[in-house]
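**Q** compute the structure for the input listed below.
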Amino acid sequence: MSEFEDLVDVNLVLEQDEKERRALLMLLDKQRLRKDHFLALDSQMGGASSFVTSTSLQWLAGRARFATELPLFKEHVDLETGKITLNNKTAALLQQREPDWSRQWAMTLYLAKRRSHKFPPILVVVSQAWVDNPDSDQWTGSERRAVRDSIDARGLDTEGVYMDLQLNDSDFLYVIDGQHRLMAIKGLVELLDVGSFFMKNRQGKQKTECITVDEIIEQSNGAMTPGKLQTLLSERIGMEIIPAVLKGETRAEALRRVRSIFVHVNRTAVALKKGELVLLNEDDGFAIVARALSVNHDLLKDHVERNSVNLSAKSVHYTTLAVLAVVARLYLSQLEGYSGWKPDSKTEMSVRPEEDDIDRGYQKFSEYLDFLTSLPSHKGFVDGRAAADIRSAGGEDNVLFRPIAQTALAEAVAKLERGGRSLVSIGEILKKKEAEGQLRLTAQDTPWYGVLWDPANERMRKGAGPEGLCHRLFLHLLGGGTADNSARKELRDEFAKARVVGLESDLAIDFEGVEVRSSSIRLPSPW
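**A** Residues are numbered from 1 along each chain as shown. Next up is the predicted model:
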């Protein structure tokens with residue numbers, strides 16, 4: 001055979017491949033345009049089929065329901081509260097936890113404000129009317145076993161890998177993994193259809209707080225426009241579908257199988273640790289700045305614990321990544337130009353700042369870390385001294401190597417800066433007091449004894465109370481005192497209470513280590 005004939009044969013093969021490809025495209029387009037038909041892949045695990053496909057957010061919001069809406073619960077729903085009445089029967093039937101509607105607000109705004117949003121696939125169970133009718137001819141035999149699956153699925157190839165799913169209006173779809181994602185999508189539909197969206201409490205009761213489409217656009221930092229918002233509901237989300245009943249099952253066996261799948265899915269889902277959240281967060285400007293400086297600044301590189309939130313006295317690290325992100329937030333958010341980095345409420349998600357703003361935040365927080373590095377303790381650490389020697393009571397006992405003091409100081413310094421003080425002047429005070437031993441955690445003649453150190457149990461105090469008191473003491477000590485009489489009295493009372501010995505005693509430890517009446521305890525003099 002000549003080279004010319006070989007070339008002709010190759011071209012014929014290529015032409016045939018192209019014709020087959022075009023034919024397949026036509027068939028797929030025809031399949032795709034059929035109402036309520038889905039092209040899916042069959043997935044076999046645990047001896048049962050499920051079907052993997054995708055659908056638009058609009059379709060999912062209109063068709064998928066929560067487990068509490070199942071027909072089998074209808075007679076057990078309290079008409080006033082809309083909740084299922086728990087009894088022996090419903091306890092056995094209930095297959096998922098009550099949805100928490102307070103989560104809807106943050107997740108809906110995440111979809112609406114964030115151009116680069118992404119939800120993982122949801123797991124959906126498909127039921128049909130005959131499933132909840134024990135007299136249906138779809139149940140047969142003395143044991144009433146199903147004669148078919150509760151889904152209309154037809155193979156499109158000889159192996160049954162590619163499937164044609166028909167989900168009719170009469171089919172009932174409910175989510176067993178992803179109910180809060182569904183809740184968020186329903187909120188998005190509400191926002192775009194009505195033009196506004198209301199926050200809800202945990203039980204789903206509407207609150208007064210509301211956001212409009214115009215506000216969404218304004219708050220998105222240019223990520224969203226009216227045109228982009230209108231296209232959101234056409235986006236597609238992955239969906240894995242499980243029949244509520246498989247051929248050959250009794251109704252009781254089917255319920256046990258679905259409930260077991262739900263439990264297994266939720267048990268194997270592991271929440272990210274706080275450090276991992278900071279490491280992966282690409283929207284929180286404070287986390288981005290903290291993460292970048294954790295590997296670039298001399299004080300931090302190779303000295304930041306990335307997984308745990310807590311830091312032991314013997315840790316080789318200076319701080320944790322989770323704490324560093326809080327320090328960055330407490331410091332920068334007090335300064336001018338960073339208020340937009342922080343969500344308006346705890347339930348909102350952050351919106352990534354512009355790159356120029358991130359660079360500016362990086363530079364400013366780097367200056368704060370330089371300020372810390374100027375302290376002899378921190379400079380010694382950078383030069384190779386072990387963190388445990390500086391932190392532990394047997395060593396320097398330095399309170400600034402404890403996360404709770406790191407966060408308290410950052411916020412105090414930022415407030416003082418905002419009031420006109422310079423980092424240099426604050427640093428000079430801290431250097432002097434560090435040399436005098438006033439940053440020792442467990443010493444009775446320092447402000448931190450009783451406040452951050454619990455002498456009775458010989459351990460650190462934790463929580464918002466001790467941290468808040470520490471923060472206010474830093475402001476008092478570094479800022480020249482507390483001028484307001486009422487605020488000064490309140491601070492003194494709280495400080496004296498912290499140094500009280502025992503729960504029922506009115507005796508407190510003064511700066512000489514002597515037990516005196518708590519009323520005799522005075523605030524430490526400003527530094």
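**Q** using PDB, write out every CA atom in stretch 99-115.
**A** These are the backbone C-alpha positions of stretch 99-115, laid out as PDB (Å, rounded to 0.1, in the frame of the first residue of the first chain):
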ATOM      1  CA  PRO A  99     -31.900  22.900  59.900                       C
ATOM      2  CA  ASP A 100     -30.300  26.000  61.500                       C
ATOM      3  CA  TRP A 101     -31.800  29.000  59.600                       C
ATOM      4  CA  SER A 102     -29.500  31.400  61.300                       C
ATOM      5  CA  ARG A 103     -26.700  30.100  59.000                       C
ATOM      6  CA  GLN A 104     -28.700  31.100  55.900                       C
ATOM      7  CA  TRP A 105     -27.700  34.800  56.000                       C
ATOM      8  CA  ALA A 106     -24.000  34.300  55.800                       C
ATOM      9  CA  MET A 107     -24.100  31.600  53.200                       C
ATOM     10  CA  THR A 108     -26.500  33.400  50.900                       C
ATOM     11  CA  LEU A 109     -24.400  36.600  51.100                       C
ATOM     12  CA  TYR A 110     -21.400  34.400  50.300                       C
ATOM     13  CA  LEU A 111     -23.000  33.400  47.000                       C
ATOM     14  CA  ALA A 112     -24.300  36.900  46.200                       C
ATOM     15  CA  LYS A 113     -21.100  38.900  47.100                       C
ATOM     16  CA  ARG A 114     -18.300  36.600  46.100                       C
ATOM     17  CA  ARG A 115     -17.600  36.100  42.500                       C
END
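**Q** what residues does that stretch touch?
**A** Stretch 99-115 is contacted from outside by 66, 68, 117, 119, 179-181, 183-188, 191, 197, 199-205, 209, 211, 216, 219-220, 223-224, 228-229, 232, 283, 347-349, 351, using Cβ atoms under 8 Å, 6 or more residues apart in numbering. All C-beta spots, glycine's among them, are computed from the backbone N, C-alpha and C.
**Q** quick one: residue 492 is in a helix?
**A** Yes - assigned with DSSP: H, G, I helix; E, B strand; the rest coil, residue 492 falls within a helix.
**Q** what residues are up against it?
**A** 521-523.
**Q** repeat the analysis, applying 6 Å as the threshold.
**A** residue 523 (Cβ atoms under 6 Å, 6 or more residues apart in numbering).
**Q** measure it to residue 25 for me?
**A** 79 Å (Cβ to Cβ, to the nearest Å).
**Q** what do you get for residue 252?
**A** For residue 252, the distance to residue 25 - Cβ to Cβ - is 46 Å.
**Q** what stretches of the stretch 101-250 of the chain score poorly on pLDDT?
**A** Low-confidence segments of the stretch 101-250 of the chain (pLDDT under 70): none present.
**Q** which residues in it form helices?
**A** Using DSSP state H, counting those that start in this stretch, the helices of the stretch 101-250 of the chain run over residues 104-113, 179-194, 213-219, 226-231.
**Q** please identify the deepest-packed of those helices.
**A** Highest mean neighbour count of the helices of the stretch 101-250 of the chain: helix 104-113, a mean of 23 (counted as mean count of other Cβ atoms under 10 Å).
**Q** that one: how far from the chain's middle?
**A** Relative to its parent chain, helix 104-113 has a centroid offset of 12 Å by Cα atoms, centre = their mean, to the nearest Å.
**Q** swap in stretch 478-495?
**A** That offset, for stretch 478-495, works out to 37 Å (Cα atoms, centre = their mean).
**Q** could you export it as PDB, CA atoms only?
**A** Output of stretch 478-495 as PDB, limited to C-alpha atoms (Å, rounded to 0.1, in the frame of the first residue of the first chain):
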ATOM      1  CA  LEU A 478       0.900  52.600  78.200                       C
ATOM      2  CA  GLY A 479      -1.600  55.500  77.700                       C
ATOM      3  CA  GLY A 480      -0.800  57.500  80.700                       C
ATOM      4  CA  GLY A 481      -3.600  56.400  83.000                       C
ATOM      5  CA  THR A 482      -7.400  56.200  82.800                       C
ATOM      6  CA  ALA A 483      -8.800  59.800  83.000                       C
ATOM      7  CA  ASP A 484     -12.500  59.000  83.300                       C
ATOM      8  CA  ASN A 485     -13.400  58.600  87.000                       C
ATOM      9  CA  SER A 486     -16.100  56.100  86.400                       C
ATOM     10  CA  ALA A 487     -14.000  54.000  84.000                       C
ATOM     11  CA  ARG A 488     -11.000  54.100  86.400                       C
ATOM     12  CA  LYS A 489     -13.200  52.900  89.300                       C
ATOM     13  CA  GLU A 490     -14.600  50.100  87.200                       C
ATOM     14  CA  LEU A 491     -11.100  49.100  86.200                       C
ATOM     15  CA  ARG A 492      -9.800  49.200  89.700                       C
ATOM     16  CA  ASP A 493     -12.700  47.100  91.000                       C
ATOM     17  CA  GLU A 494     -12.200  44.500  88.300                       C
ATOM     18  CA  PHE A 495      -8.400  44.400  88.900                       C
END
